[in-house]
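Asker: Could you look at this predicted model? Sequence included:
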Amino acid sequence: MIGIIGGTGVYEIVELGEEIVYKVVETPYGPSPEMSIFQLHGKEVVFMPRHTLGHAKPPHMVNYLSNIWSLKKMGVEKVIATNAVGSMDESIKPGDFVVPHDFLDFTRMRKGTFYDDRTVHIDVTEPYCSQLRDILISSGNVIGNGVYVCTEGPRFETAAEIQMFRQLGGTVVGMTGLPEVILARELEMCYSSICTVSNYAASISPSKLTIDEVFEVVENKRKDLIRILSDSIKKIPSDNLCECENTLDGAEVDNFLEPEDL
Ligand code: HPA
């Protein structure tokens with residue numbers, strides 16, 4: 001099963017599909033948003049509205065644990081996420097699409113793991129699934145790598161923050177990519193993101209940043225994004241060339257002291 005995590009404007013992918021059913025699942029982290037399950041190109045797809053329907057939850061309030069747990073519970077093995085971002089590279093313009101290959105995590109208040117009662121250290125040398133990235137990159141006119149910087153939000157960044165992120169190697173900046181990518185990997189799902197560049201980041205943009213500008217560009221690129229998603233779903237093979245499904249092998253610390261030894 002394939003999962004699509006959508007922000008604004010991506011719901012239209014559901015309308016391309018057939019046999020749509022709606023479902024809410026319970027998780028240890030609270031109920032999921034209402035998901036739409038549908039058939040597209042002979043494949044079963046689940047659409048997860050990240051912010052719940054109607055863009056109700058701001059990025060720092062999204063229940064990332066419930067969202068990812070719900071997709072796993074539905075039987076999803078591969079997740080394509082969509083994110084809006086600001087560009088920190090003058091050559092990457094509003095309206096471009098970027099498929100990041102790595103991230104820098106500058107979130108501060110989000111719970112970022114499922115493993116509180118077991119000691120699990122997963123490898124994230126390559127945090128996004130290489131196979132899913134290749135599929136997205138071959139499905140449209142996209143920039144095939146970049147470092148995604150995730151901020152806590154909900155405010156936009158200061159000029160000094162953007163300067164710092166650029167010096168650290170950041171390419172684009174957004175508020176929704178983390179901890180989602182990590183949580184998917186912790187549950188051994190493949191995960192890749194396609195980012196719509198909605199603006200130049202603070203201080204690179206000649207004007208004040210507004211959310212209206214972000215929504216306007218995302219809306220203008222909606223049809224292109226839906227086409228890339230649809231073509232990618234068509235191309236996803238049933239066999240895996242990546243290691244995402246074996247993430248937990250070698251990641252967990254064994255309890256080498258049995259309780260009676262203590
Ligand atoms: N900064 C953070 N998040 C964003 C931006 C930005 O410039 N644009 C869209 N999401």
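Answerer: Ah, there it is.

Asker: hey, let's count contacts and neighbours off CA atoms from now on
Answerer: Will do.

Asker: how near is the closest residue to Ile143 other than its chain neighbours to Glu90?
Answerer: Spatial nearest neighbour of Ile143, excluding adjacent residues (C-alpha to C-alpha, 6 or more residues apart in numbering): Val98 at 4.7 Å. Distance, Val98 to Glu90, by C-alpha to C-alpha, to the nearest Å: 14 Å.

Asker: Then Val149?
Answerer: 16 Å.

Asker: same question, Leu104
Answerer: If you measure Leu104 against Glu90 using C-alpha to C-alpha, the figure is 19 Å.

Asker: Comparing the two, which residue is more hemmed in?
Answerer: A side-by-side neighbour count of Leu104 and Glu90, using other C-alpha atoms under 10 Å, places Leu104 first with 17 against 12.

Asker: Mind listing the residues bridging to that one?
Answerer: For Leu104, the beta-bridge assignment (DSSP bridges) gives partners Val149.

Asker: okay but it is in contact with Met164, surely?
Answerer: No: the pair Leu104 / Met164 is not scored as a contact, 11.7 Å apart, by C-alpha atoms under 8 Å.

Asker: Next, count neighbours for the closest residue to Ala202 other than its chain neighbours.
Answerer: Beyond its immediate neighbours in the sequence, the residue positioned closest to Ala202 (C-alpha to C-alpha, 6+ apart) is Ala159, lying 5.7 Å away. The tally of other residues near Ala159 (other C-alpha under 10 Å) stands at 12.

Asker: if I read this right, Ala159 contacts Tyr200, doesn't it?
Answerer: No: contact criterion C-alpha under 8 Å: Ala159 and Tyr200 do not qualify, at 11.8 Å.

Asker: hmm, back to that, let me know the pLDDT of the residue nearest to Ile143.
Answerer: Note for Val98: predicted pLDDT of 98.

Asker: repeat for Gly140
Answerer: According to the model, Gly140 scores 89 on pLDDT.

Asker: Return the distance of it relative to the ligand.
Answerer: With the distance defined as C-alpha to the nearest ligand atom, to the nearest Å, Gly140 ends up 21 Å from the ligand.

Asker: and the helix or strand hosting Gly86, C-alpha only, in PDB?
Answerer: Per DSSP states H and E, Gly86 falls inside strand 78-87. Output of strand 78-87 as PDB, limited to C-alpha atoms (Å, rounded to 0.1, in the frame of the first residue of the first chain):
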ATOM      1  CA  LYS A  78       5.900   3.500   1.000                       C
ATOM      2  CA  VAL A  79       5.100   7.100   1.900                       C
ATOM      3  CA  ILE A  80       5.400  10.100  -0.400                       C
ATOM      4  CA  ALA A  81       5.100  13.400   1.600                       C
ATOM      5  CA  THR A  82       4.400  16.800   0.100                       C
ATOM      6  CA  ASN A  83       5.800  19.900   1.800                       C
ATOM      7  CA  ALA A  84       5.900  23.700   1.100                       C
ATOM      8  CA  VAL A  85       9.300  25.300   1.500                       C
ATOM      9  CA  GLY A  86      11.200  28.600   1.200                       C
ATOM     10  CA  SER A  87      14.300  28.600  -1.000                       C
END
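
Asker: Let me know whether it sits next to the ligand.
Answerer: Yes: Strand 78-87 lies within reach of the ligand by C-alpha under 6 Å from any ligand atom, at 84-86.
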